[in-house]
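Participant: 3D model of this:
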Amino acid sequence: MSTTTAPSTDFDPILSEIVYNYELTMNREMGRALVNLSGSFLFVSASDFACGCMDAEGRILTSIAWTLQMGYSISNTVRASLQRFAGDLHPGDMIFANDPYDGGGLHSHDVVVVAPVFSEDELIMWVGVSAHVTDVGGAVPGGFAVEPAEVYGENVRFTPVKFYDAGHYRADVVDAFLTNVRVPKQTGIDLKALMGAVWIGRERVDELIAQYGKDQIKAIHAAQIAASGQEFTARLDRLPDGVYEGAAHMEHDGAEDRVFTIRTRIVKQGERLTFDYTGTDPQSAGALNCTDVGGVGNVIAALGTLMAPDIPFNEGLLEPVEIVSPPGTLVNAVKPAPISAATVYAAWFGTDAILEAMNYLIAGDEELGRRRTGPWGCWTFAWLQSLNQYGEPWFWNVFTGGAGGAGALPFRDGENAMLGIQTVDAFAPNIEEYELMSPVLFLRSGLAQDSGGVGRWRGGLAGEAMCMPYGVDGWDVAVFQNRMSTPSSAVSGGYPGSGSAIRFARNAAPEVRGHWAAREPLPFAQLARHAEQPPARARGFRLRDSDAYYIRATGGPGYGDPLDREPEAVAADVARGFVSVERARQAYGVSVAAGGTLDADATQQLRRALRADRRELPLGHQVLPVGDGRGGTPEPADPSLPAAPQVLGEQLAIDADGWYHCRRCQERLGSNATNWKWWARVAQGYVEPATIQNTIAVRPEGDLVFRRYCCPGCDTQLDTEVALDGEPPRWNFRPLAVWRDGR
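Facilitator: The predicted structure follows:
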């Protein structure tokens, strides 16, 4: 991807910074207008929107966003509008779209409204908003398809059309959209809020252009994009060439409870970076897919969080980037594949696959290496539907399911209840807001013990909540769970965080009221543990006013070998209630009493025993499947030279002679012409609580495994991976020469 407008050589960096911050502040003002004008819980309570500025060609300049993917997707509508309305764009136009296949955002719920900004009849730039509106119709309340469906029956979708044509309001177009939704009143207010926000943005840009002149603003925009591209390209130049691979797994598309895999390959060569989705599973019959705008958004999100968080977020980040995405896959679906839930499925998990690969790419960089982290929280939710306590149609979800733990970093534990790493301007509302606006009574909102991924640095804990219908006789429920049984990757020998969960505690009200009457704490954990567990994706459930609804997000993955965690840190976690005594003993090898008192001698014995167990593990080439050869073959090979020393993980590296080795004891693990995992000691088991050292639902088909790779010299746990049963070990890094040779 490359820019087409050359920056001016007459560049004022101070004025550029003024313009940049003016436009960014203007985006925030647009967001505040959206919230104030709509009142939608999706805007007020979750900030599920993005506001941005684009140049005349549709290249992103600035944005504030719920997710980075969402911020980028506004440019998709601008580019489509430039094609559709070529020669027919005028001052006063305002264009609407919500079809991800043709000019819309990430999914059809994300309505995008954009407006061109002119000066002296010349198109200078665009302003726009993308926002998840209350309703977009379809077969299911809330609009997310559960069972397999063609896109034609999912939601109402509009390709780019004009809401305002040269300043004339097109009520007929707006009405044509609203007649297809269940709650036209609130959705209509949402649409007017989007138009109002864009109107404000256009007025502010008019004022900016009037003050500094159109030519100067155009030159500044071109220079800003070029500067971001140049800075990012220079950053790439200091990273090692090679081929890096990662994967992410989703479960249950509404028809089959099987694993769906997104694969990514990053090819780094000089100042160029290629992201290749080849090998990703074909598009599913159910709504796990995203269109190409989501696939590109996944790349943008990974770049903006791990590799370039300090570089102004604009189109320049894509200047040295190429994206290969074969059509007909989970991340580049073609009609009639459903895409109603793209934002929480493929347009989210694609970033997670990229993160796994990217962690190896940046491991040895002094600055970027500190940002290595596994995937943070994902979205688990249910659409709850009934009349509310005021007798009005109501559907809603508990946002706690998105409040997953953050991944641990190379120098600290992950933060608790942090949403996804892609999420930059969102939050979970407080329960008082929930109870005021909805027929719900909360019994608990807090953090789930033992949910953080195990590691030298612990992953953040997941948020969890339990609530009941209140003021109504019950709710109809459709559930959408992610990572319920398919855990994320972790980093440098850490473990995944907990899986998510939605459960129904039937007839819990008498027990709850009994404990309240006796002024006793609720046995919350017991209620949740024995509650009914629905499938990952299903609808048709009814919760009565005597039932309780439980939801837990995902825990953040850990970083590094858990036996390297300071025993005092584990004891502190036990004292705070973050980690149980049992988990401390089993996963960390730490003997600690419930109050946090550490037994140092017993801890030494436990850790000695756990390391001895690793010493008995077989080598990878003795037990792992060769499969289709994607993981290489377990044959000794001479190194591919020339080679350069390269750090790949906390205790994993390649030396100057081309040999993988343990950084702690220098044990060699095979040459760089083969996959080092064949020569490490390996433990493999089906994904279940005992293997990942965390809470997770057991896969009914036993089709997913968790592997641990340990140094045969010093027993350090070097890496972990989640893989399909029967799949060869993932070859996360290989030199360019080895990759080109097909090894």
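
Participant: for the stretch 101-250 of the chain, which segments are assigned as strands?
Facilitator: Secondary structure of the stretch 101-250 of the chain by DSSP state E, counting those that start in this stretch: the strands cover 110-119, 122-132, 161-165, 168-169, 242-251.

Participant: the third one - contacts with which helices or strands?
Facilitator: Helices and strands touching strand 161-165, as assessed by 3 or more CB pairs under 8 Å, 6 or more residues apart in numbering; DSSP states H and E, comprise strand 94-97, helix 171-178, helix 184-212. For every residue, glycine as well, the C-beta is placed using N, CA and C.

Participant: report the buried residues of the last one.
Facilitator: Which is helix 184-212. 184, 186-191, 193-202, 204-205, 208-209, 212 (16 or more other CB atoms under 10 Å).

Participant: assign residue 382 to helix, strand or coil.
Facilitator: strand (DSSP: H, G, I helix; E, B strand; the rest coil).

Participant: doesn't residue 502 make contact with it?
Facilitator: Yes - proximity of residue 382 to residue 502 meets the contact threshold set by CB atoms under 8 Å, at 5.6 Å.

Participant: which residues are in contact with both of those two?
Facilitator: By CB atoms under 8 Å, 6 or more residues apart in numbering, residue 382 and residue 502 have these common neighbours: 401, 479, 549, 551.

Participant: JSON lines for these, including distance to residue 107?
Facilitator: Shown next, in JSON lines, are those (distance: CB to CB, whole Å):
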{"residue": "401", "distance to residue 107": "17"}
{"residue": "479", "distance to residue 107": "18"}
{"residue": "549", "distance to residue 107": "25"}
{"residue": "551", "distance to residue 107": "21"}
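
Participant: looking at the residues you listed, which is nearest residue 625?
Facilitator: Ranked by distance to residue 625 (CB to CB), these are led by residue 479 at 34.0 Å.

Participant: look up the pLDDT of that closest one for me, please.
Facilitator: Per-residue confidence (pLDDT) for residue 479: 92.

Participant: hang on, isn't it packed against residue 533?
Facilitator: No - with contact defined as CB under 8 Å, residue 479 and residue 533 do not form a contacting pair (9.9 Å).

Participant: how much space between residue 403 and residue 172?
Facilitator: 42 Å (CB to CB, to the nearest Å).

Participant: so between the two, which is more surrounded?
Facilitator: Between residue 403 and residue 172, residue 403 has the larger neighbour count (other CB atoms under 10 Å), namely 30 against 7.

Participant: tell me the confidence at that one?
Facilitator: Per-residue pLDDT puts residue 403 at 88.

Participant: now it, nearest residue through space, not along the chain?
Facilitator: In space, and not counting its chain neighbours, residue 403 is closest to residue 463: 3.3 Å by CB to CB, 6 or more residues apart in numbering.

Participant: if we can go back for a sec, the shared contacts of residue 382 and residue 502 in strands, which ones?
Facilitator: Among the shared contacts of residue 382 and residue 502, the residues falling in strands (DSSP state E) are 479, 549, 551.

Participant: Serialize the residues you listed to TSV and add fields for neighbour count and distance to residue 284.
Facilitator: TSV is the format used below for these (neighbours: other CB atoms under 10 Å; distance: CB to CB, whole Å):
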residue	neighbour count	distance to residue 284
479	27	18
549	26	27
551	27	24
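
Participant: ok, the residues you listed vs residue 509, which is closest?
Facilitator: residue 549 (12.1 Å).

Participant: what bridges to that closest one?
Facilitator: Beta-bridge pairing of residue 549 under DSSP bridges involves residue 467, residue 504.

Participant: doesn't residue 464 make contact with it?
Facilitator: No - Residue 549 lies out of contact with residue 464 (CB under 8 Å); the separation is 11.5 Å.

Participant: circling back: what is the residue nearest to residue 403 paired to in the beta sheet?
Facilitator: Bridge pairing for residue 463 - DSSP bridges - gives residue 447.

Participant: contacts only, for it.
Facilitator: Listed by CB under 8 Å, 6+ apart, the contact set of residue 463 reads 400, 403-404, 416-417, 428, 445-448, 552-553.

Participant: export the strands of the stretch 101-250 of the chain as CSV, with columns for mean pLDDT.
Facilitator: As requested, the strands of the stretch 101-250 of the chain are exported to CSV (pLDDT from 0 to 100):
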stretch, mean pLDDT
strand 110-119, 97
strand 122-132, 97
strand 161-165, 97
strand 168-169, 97
strand 242-251, 97
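
Participant: ok, which of those comes nearest residue 314?
Facilitator: Of all these, strand 122-132 comes closest under CB to CB, at 12.3 Å.

Participant: wasn't residue 482 part of a helix?
Facilitator: No - assessed with three-state DSSP, residue 482 is coil; it does not lie in a helix.

Participant: so it sits against residue 375, correct?
Facilitator: No - at 10.7 Å, residue 482 does not count as touching residue 375 under the criterion of CB under 8 Å.

Participant: hmm, back to that, now the common contact residues for residue 479 and residue 533.
Facilitator: Common contact partners of residue 479 and residue 533 (CB under 8 Å, 6+ apart): residue 502.

Participant: what distance do you get for residue 445 to residue 467?
Facilitator: Taken as CB to CB, the span from residue 445 to residue 467 is 8 Å.

Participant: find the nearest non-adjacent residue to the residue most central in space within the chain, please.
Facilitator: Among the residues of the chain, the one closest to the centroid is residue 348, at 4.1 Å (CA atoms, centre = their mean). Computed as CB to CB, 6+ apart, the closest residue to residue 348 that is not its neighbour in sequence is residue 378, at 5.9 Å.

Participant: the one you found - how many residues pack around it?
Facilitator: Neighbour count for residue 378, taken as other CB under 10 Å: 26.

Participant: host element of it?
Facilitator: Applying DSSP states H and E as the criterion places residue 378 outside every helix and strand.

Participant: for residue 113, see how far away it is.
Facilitator: Residue 378 is 28 Å from residue 113, where distance means CB to CB.

Participant: what is the burial count for residue 43?
Facilitator: Residue 43 sits with 25 neighbouring residues when counted by other CB under 10 Å.

Participant: next: residue 495.
Facilitator: Number of residues near residue 495 (other CB under 10 Å) recorded here: 27.

Participant: and it, which of the three is it?
Facilitator: coil.

Participant: list the residues that contact it.
Facilitator: By CB under 8 Å, 6+ apart, residue 495 lies in contact with 453-455, 557-558, 562, 587, 692-694, 720.

Participant: so which residues of the stretch 551-700 of the chain form strands?
Facilitator: Taking DSSP E, counting those that start in this stretch as the test, the strands found in the stretch 551-700 of the chain are 646-647, 652-654, 659-662, 668-671, 681-686.

Participant: helices and strands around the last one, which ones?
Facilitator: Taking 3+ CB pairs under 8 Å, 6+ apart as the contact definition, the neighbouring helices and strands of strand 681-686 are helix 600-615, helix 620-623, strand 704-710.

Participant: can you list contacts of it?
Facilitator: Contacts with strand 681-686, where a contact means CB under 8 Å, 6+ apart, come from 614-615, 617-620, 623-624, 691, 698-699, 702, 704-712, 715, 725, 729.

Participant: how much space between residue 594 and residue 581?
Facilitator: 6 Å.

Participant: now swap in residue 567 and tell me
Facilitator: The spacing between residue 567 and residue 581, counted by CB to CB, is 13 Å.

Participant: shared neighbours of those two, anything?
Facilitator: Taking CB under 8 Å, 6+ apart as the contact criterion, the common neighbours of residue 567 and residue 581 are residue 592.

Participant: before I go, just wanted to say thanks for your time.
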